[in-house]
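Undergrad: here is my input; please provide its structure:
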Amino acid sequence: MKLTITQIAAKSTPMVDAPTNRIIAVDCSGSMYSELPKLRQHLKNKLPTMVQPQDTLSIVWFSSRGQYGVLFEGVKIDTLQDLSKINSAIDRFLVPTGLTGFKEPLEEVLEMSKRLGGDCTLSFMTDGFDNQWSKPQIMKACADLGDKMSAITFVEYGYYADHSMIVDMAEEVGGSVVLSENFSKYSEELDASMKASVSGKKIKLTKITAPFVIGNTPDTFVIAKPDAVGTVTLPANTRSYSILEGTGSVDNLNVDGADMADAAYAVSALILRGQGDAAMEIAALIGDEPLYKQVENSFSKQDFAISVALANSYAAGKRKLFEAGRKTNLIPDPGAYNVLTLLMDLSATEGNTLNLSHPDFEYNSIGDSRVTAVDDNGFKPVFTDNPGDVMADIMSLSFNEDRPNVSILVKRDGVVTVPENDLGFKGSVDSFVWRNYAIVKDGIVNMKKLPVVLTKKTYDHLAAQGVALEPFKVNKTMVIDLVGLPIINRNMAQPGTARELFDMYFDVYVLKTKQKVLGSLIEKPAFGKGFTEKYGAEGAAFLKNLGISEGGFSPKTVKGETIDAYVSKVLEVKMAGLSTIPKVADVAEALKKGKPLTPSLKIMSDVIDALAGVTDYESVLKGTKIEIKTLMNEIVKVKFGIILGKKMPSDVTNPEETSQEIDFGLGKLTKCSFILADKEI
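TA: Down below sits the predicted model:
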């Protein structure tokens, strides 16, 4: 049975002008360290006008198991004569600490609603994964809470929250999900939710057999699953609702007395539920081209957030459908230009550089921070960039083999301060630091804009792909907006076969073995004597104690701000016997002793034989590196497609069984497998 969607006008119940108890639950885990100061200031500035005069406001904070509490409860803002005590409580308790647990704050909100009585609403904000409680425990807390609240909104803050869990929680309570990219978006949503009218008798639907129902209100939508007897409860101000039945592709959109724009809420709901193909098909049936174009290439959480915001703007009346006419023949563009291909194109040609000194270079640091340690004498060495722009060769882009990450390694030249000494070092010494900048992190564009200097060849290529660029000028920094591009395209989301992936991995292994053999044949300059020769043994030891060496400035550090753990999809490929590349000397040793060659040694032996007549090792090594990069780009595209496209290779029928035994000509079959799993980062 194909999937059908029926949009039905609801018989809204009369809204009642009654006081409402507004409850806010705030995630105070470690990952919120940079955001909580903004929230504290916002609350203190907006408290007098945040809620309606007749309403009350309560705030619950939470982090790890056992770490939660009530900041204040049932306060009528218009009667406050002195906000100093509440402001002090905000500053004291809304601070980052610990991990993330949902169960206890949800239970606290339930008890609070009983104490407050009347109509209660909840805005529950989190940026992380619950790593304290099991899913059944969390769902039980949600089920208990659902009937007690007039409205519940779950705010998914940033791009690394547990999206799947949040959607499941919303379905359990018949609530809404809001995707807030940053504090500005969250503050807008929070202020709006504090004023939304919710009082009135809820609407009950019976005998619902669909897995979930979408309730459409003037401002947002809720997702609700039927209870054991098929009853669904929707907010009093629901103006229509959508029922989706069947599976597979969508072949019907029936708008029964409802506004066509409300069908856009169904697009949003399906995107949130991970049903991107169905969302695209409904967008095609609606026939609004801007909506369809945005939805068709949504694969990352960023893409989802933009698509949901656009669809909601239609349904909420902030934007009109069909401004350029309704289209009935919309079909996807499978080869749309995308961020991943753009980065590969930038790194394919020498001469393209990234301007790290440009004001549009805005980098969001990832992971726990480290700060330079102070030595026993209270001195802390400080690195300062040399004058002028810091430019990075984009050919140093690297693509993570297991995660959908893209980063660039940058050498920054400068000076490091040194303490007073009698060794001749005056104030500072020349050095450099290595910095790794993640442009894409776990499928999320971590840098929205790339300030780059392009070669004419690359400029012409990007312009031909439709990338918005300023007129070309040599050495001119141009800013590429990555947000306007999908992270991948639909072709990449069709990952081909696992066998093709294994073949590429084997070819890369052979090439990396060749690279290692060539490296052993090229004489390298001695490392480690330069500083001693330049500064003397005592001077080199003095600098080394400060973290300064021939390898740059790498001082002792201590842990700074802690980032709460989150979960990322990881795709790991394994080939039995080929996990590492052996030493070149191991081949000669095995042959000398008459030992049979292992698969890895057999590959290395064959490579050594193939290189027997080569004299220009440098040239062959350069070509080998290019081959490795080309193949790795293809592997990365496949991995991004599997992780973000959420589709298994066509020759994998069971996700639990991804192994194949392949004859690579090594004397025995090689067991190859890939593992797609969630990994805590």
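Undergrad: CA only for contacts and neighbour counts going forward, please
TA: Noted.
Undergrad: before we move on, what SS does Asp130 have?
TA: The three-state label given to Asp130 by DSSP: H, G, I helix; E, B strand; the rest coil is coil.
Undergrad: next one: it from Arg412, what distance?
TA: Asp130 sits 38 Å away from Arg412, going by C-alpha to C-alpha, to the nearest Å.
Undergrad: cool, Gly539 as well?
TA: According to C-alpha to C-alpha, Gly539 stands 23 Å off from Arg412.
Undergrad: list the contacts of Leu356.
TA: Shown in contact with Leu356 (C-alpha atoms under 8 Å, 6 or more residues apart in numbering): 389-392, 451.
Undergrad: same thing with Gly98?
TA: Here Gly98 is in contact with 28-30, 63-64, 564 (C-alpha under 8 Å, 6+ apart).
Undergrad: may I see the PyMOL selection of the buried members of these?
TA: Filtering the contacts of Gly98 down to the buried ones (16 or more other C-alpha atoms under 10 Å) takes a single PyMOL command:
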select buried, resi 28+29+30+63+64+564
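Undergrad: and the contacts of Gly98 as CSV, adding distance to Lys135 and secondary structure?
TA: Shown next, in CSV, are these (distance: C-alpha to C-alpha, whole Å; DSSP: H, G, I helix; E, B strand; the rest coil):
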residue, distance to Lys135, secondary structure
Cys28, 20, coil
Ser29, 19, coil
Gly30, 21, helix
Ser63, 17, coil
Ser64, 15, coil
Asp564, 19, coil
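Undergrad: who does the residue most central in space within the chain form a beta bridge with?
TA: By C-alpha atoms, centre = their mean, the chain has its centre lying nearest to Ile444, at 3.7 Å. Taking DSSP bridges as the rule, Ile444 bridges to Lys441.
Undergrad: that one is in contact with Gly158, isn't it?
TA: No. Taking contacts as C-alpha atoms under 8 Å, Ile444 lies outside contact range of Gly158: 10.3 Å.
Undergrad: quick one: the helices in the stretch 401-550 of the chain?
TA: Ranges of helices in the stretch 401-550 of the chain, per DSSP state H, counting those that start in this stretch, are 456-464, 498-521, 530-545.
Undergrad: so for Lys103, which of those sits nearest?
TA: Nearest of the helices of the stretch 401-550 of the chain to Lys103, taken as C-alpha to C-alpha: helix 498-521 at 39.9 Å.
Undergrad: Thr557 touches Asp375, doesn't it?
TA: No. Between Thr557 and Asp375 there is no contact under C-alpha under 8 Å: 10.3 Å.
Undergrad: circling back: just the buried members of the contacts of Leu356?
TA: 390-392, 451.
Undergrad: between these, which is nearest Glu188?
TA: For the buried ones among the contacts of Leu356, the nearest to Glu188 is Pro451 (29.4 Å; C-alpha to C-alpha).
Undergrad: the closest one contacts Met478, correct?
TA: Yes. Using C-alpha under 8 Å, Pro451 makes contact with Met478 at a distance of 5.4 Å.
Undergrad: quick check, nearest of the buried ones among the contacts of Leu356 to Thr206?
TA: Nearest to Thr206 among these: Pro451, at 56.0 Å, using C-alpha to C-alpha.
Undergrad: who does the closest one bridge with?
TA: With DSSP bridges as the rule, Pro451 is bridged to Val479.
Undergrad: in contact with it, which residues?
TA: 354-356, 358, 360-361, 477-480.
Undergrad: the stretch 151-300 of the chain: strands as residue ranges?
TA: 151-157, 176-180, 203-205, 213-216, 221-224, 232-234, 240-245, 250-256 (DSSP state E, counting those that start in this stretch).
Undergrad: can you lay out those strands as CSV showing mean neighbour count, distance to Pro419 and mean pLDDT?
TA: Shown next, in CSV, are the strands of the stretch 151-300 of the chain (neighbours: other C-alpha atoms under 10 Å; distance: least, C-alpha to C-alpha, whole Å; pLDDT from 0 to 100):
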stretch, mean neighbour count, distance to Pro419, mean pLDDT
strand 151-157, 23, 44, 92
strand 176-180, 24, 46, 91
strand 203-205, 14, 73, 88
strand 213-216, 29, 66, 90
strand 221-224, 27, 62, 92
strand 232-234, 24, 68, 89
strand 240-245, 22, 70, 84
strand 250-256, 16, 71, 72
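Undergrad: one step back: the buried ones among the contacts of Leu356 in helices, which ones?
TA: Taking DSSP state H, every one of those sits outside helices.
Undergrad: which of these sits closest to Tyr314?
TA: Pro451 (33.2 Å).
Undergrad: per-residue pLDDT of the closest one, please?
TA: Note for Pro451: predicted pLDDT of 96.
Undergrad: returning to that earlier point: what would the contacts of Leu356 look like in TSV with distance to Phe124?
TA: Below are the contacts of Leu356 laid out as TSV (distance: C-alpha to C-alpha, whole Å):
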residue	distance to Phe124
Asp389	43
Val390	42
Met391	43
Ala392	42
Pro451	37
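Undergrad: just curious, which of those residues is nearest to Phe304?
TA: Using C-alpha to C-alpha, the contacts of Leu356 come closest to Phe304 at Pro451, 24.9 Å.
Undergrad: now that closest one: how far from Ala336?
TA: Taking C-alpha to C-alpha, one finds Pro451 at 22 Å from Ala336.
Undergrad: also Asp385?
TA: Applying C-alpha to C-alpha, the value for Asp385 to Ala336 is 39 Å.
Undergrad: which of the two has more neighbours?
TA: Shown here are Asp385 and Ala336; by other C-alpha atoms under 10 Å, Ala336 has more neighbours (20 against 16).
Undergrad: with adjacent residues omitted, what lies nearest to Met575?
TA: Leaving aside its sequence neighbours, Met575 sits nearest to Cys672 (C-alpha to C-alpha, 6 or more residues apart in numbering; 4.5 Å).
Undergrad: what helix or strand is that neighbour on?
TA: According to DSSP states H and E, Cys672 maps onto strand 670-680.
Undergrad: buried sites along that strand?
TA: Quick answer for strand 670-680 (16+ other C-alpha under 10 Å): 670-676.
Undergrad: could you export these as JSON lines, including pLDDT?
TA: Below are the buried residues of strand 670-680 laid out as JSON lines (pLDDT from 0 to 100):
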{"residue": "Thr670", "pLDDT": "95"}
{"residue": "Lys671", "pLDDT": "95"}
{"residue": "Cys672", "pLDDT": "95"}
{"residue": "Ser673", "pLDDT": "94"}
{"residue": "Phe674", "pLDDT": "90"}
{"residue": "Ile675", "pLDDT": "89"}
{"residue": "Leu676", "pLDDT": "87"}
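Undergrad: for Ala266, state which of these is nearest.
TA: So of those, ranked by how close each gets to Ala266 (C-alpha to C-alpha), first place is Leu676, at 29.4 Å.
Undergrad: just give the nearest non-adjacent residue to that closest one, would you?
TA: Excluding the flanking residues, the one nearest Leu676 by C-alpha to C-alpha, 6+ apart is Leu571, at 4.5 Å.
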